[in-house]
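Peer 1: Test case, fold it:
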Amino acid sequence: MAAKRMAIIATKGTLDMAYPPFILASTAAALGYEVQVFFTFYGLQLLRKDLSSVMISPLANPAMPMPVPMPVMVQMLPGMESMATMMMKQKLKKHGVASLQELRDLCLEAEVKLIACQMTVDLFEFDKSEFIDNIEYVGAATFLGFAGDTDICLFV
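Peer 2: Residues are numbered from 1 along each chain as shown. Here you go, the predicted model:
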């Protein structure tokens, strides 16, 4: 019996949207799935060597729990993004959730195929030296060849 297959398309590069593709991919790989994650547009930020610029924004994120209710105007103030990012990282650490770096490394160790969208790399004029090793660069058509024949296909 062939292994189950999962395809994930990651389009966001914020801290809150970085966790789902890595958690789902590493979990599926641990369950024996063959997994590929296609990072496109802002999701490419998650394949950069340095993840320190991955932040979370409280602005236009009404579901984000805050310790006190915060008017939108306050969320726009300089430093609020850094503060929200710091608070989220503290909450993740307090509850024993792996860091983004740890989850990404876990995916690589579990042989999850991490794929950078070549068109997006070209569009934003990224240099491949900005990205981690052990990833592939392909177009959407190549990824869809895999995704079209999976048991689970997710867009996050």
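
Peer 1: so what's S26 scoring on pLDDT?
Peer 2: With respect to pLDDT, S26 scores 98.

Peer 1: Check I23 too.
Peer 2: 97.

Peer 1: cool, and M83?
Peer 2: For M83, the predicted pLDDT is 76.

Peer 1: and stretch 112-121, which residues are buried?
Peer 2: 112-118, 120-121 (16 or more other CB atoms under 10 Å). Backbone N, C-alpha and C define where each C-beta goes, glycine included.

Peer 1: To clarify, my last question referred to stretch 45-59.
Peer 2: 45-47, 51, 54-59.

Peer 1: Going by distance to I135, which of these wins?
Peer 2: Taking CB to CB as the measure, I135 sits nearest to L47 out of the buried residues of stretch 45-59, at 5.7 Å.

Peer 1: Excluding sequence neighbours, find me the nearest residue to the closest one.
Peer 2: F131 (4.9 Å; CB to CB, 6 or more residues apart in numbering).

Peer 1: Quick check: the one you found touching L46?
Peer 2: No: with contact defined as CB atoms under 8 Å, F131 does not count as touching L46 (9.9 Å).

Peer 1: phi, psi of the residue nearest the centre of the chain?
Peer 2: The chain has A18 as the residue nearest its centroid, 3.1 Å off, counting by CA atoms, centre = their mean. Main-chain dihedrals, A18, degrees, to the nearest 10: phi -80, psi -30.

Peer 1: Quickly note the distance from the closest residue to V121 other than its chain neighbours to M1.
Peer 2: In this structure, V121 finds its nearest non-sequential neighbour in Y137, 6.3 Å apart by CB to CB, 6+ apart. Applying CB to CB, to the nearest Å, the value for Y137 to M1 is 32 Å.

Peer 1: pLDDT-wise, what's the bottom of the buried residues of stretch 45-59?
Peer 2: L59 (60).

Peer 1: what bits of this structure have low per-residue confidence?
Peer 2: Low-confidence segments of the chain (pLDDT under 70): 58-79.
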